[in-house]
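A.B. asks: Sequence first, predicted model second:
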Amino acid sequence: MITNLDEIEDSALSLDRISQARLVDKLLKSVHGKIDSKIQQAWIKEVQKRKEALDSGEASLHPAAEVMKEARKFIRR
């Protein structure tokens, strides 16, 4: 069994993306505990709503740097 953190990290990073995602999910659950299914469903609905808004053109994406620059201008007013 691998017990050295560096070895564990190296092994985890060598996994394919799906396996990495599964590992991340398990680790987060071990840290944060069980996820409330009502909250999880609410987030899934919100993500779907935002995706639909993007797909329809109702909403658009902007680079984070641009958003932060505009927010700083707004705060300075």
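C.D. replies: Received it, and whenever you're ready, just let me know what you need.

A.B. asks: from here on, contacts and neighbour counts on C-alpha atoms
C.D. replies: Fine.

A.B. asks: any chance you could map the helices in the protein?
C.D. replies: In the chain, helices defined by DSSP state H lie at 5-13, 17-32, 37-56, 64-76, listed in chain order.

A.B. asks: Mean pLDDT and mean neighbour count added to the ones you listed, as TSV?
C.D. replies: Below are those laid out as TSV (pLDDT from 0 to 100; neighbours: other C-alpha atoms under 10 Å):
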stretch	mean pLDDT	mean neighbour count
helix 5-13	94	11
helix 17-32	94	12
helix 37-56	96	12
helix 64-76	94	10
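
A.B. asks: per-residue pLDDT, residue 77?
C.D. replies: pLDDT for residue 77: 82.

A.B. asks: For residue 38, see how far away it is.
C.D. replies: Shown here: residue 77 relative to residue 38, a distance of 40 Å by C-alpha to C-alpha, to the nearest Å.

A.B. asks: try residue 29
C.D. replies: Applying C-alpha to C-alpha, one obtains 16 Å for the distance of residue 29 from residue 38.

A.B. asks: quick one, what contacts residue 59?
C.D. replies: 50, 53 (C-alpha atoms under 8 Å, 6 or more residues apart in numbering).

A.B. asks: Now residue 15: phi and psi?
C.D. replies: When read as degrees, to the nearest 10, the backbone of residue 15 gives phi -70, psi 160.

A.B. asks: For burial, what's the neighbour tally of it?
C.D. replies: Residue 15 has 12 neighbouring residues, counting by other C-alpha atoms under 10 Å.
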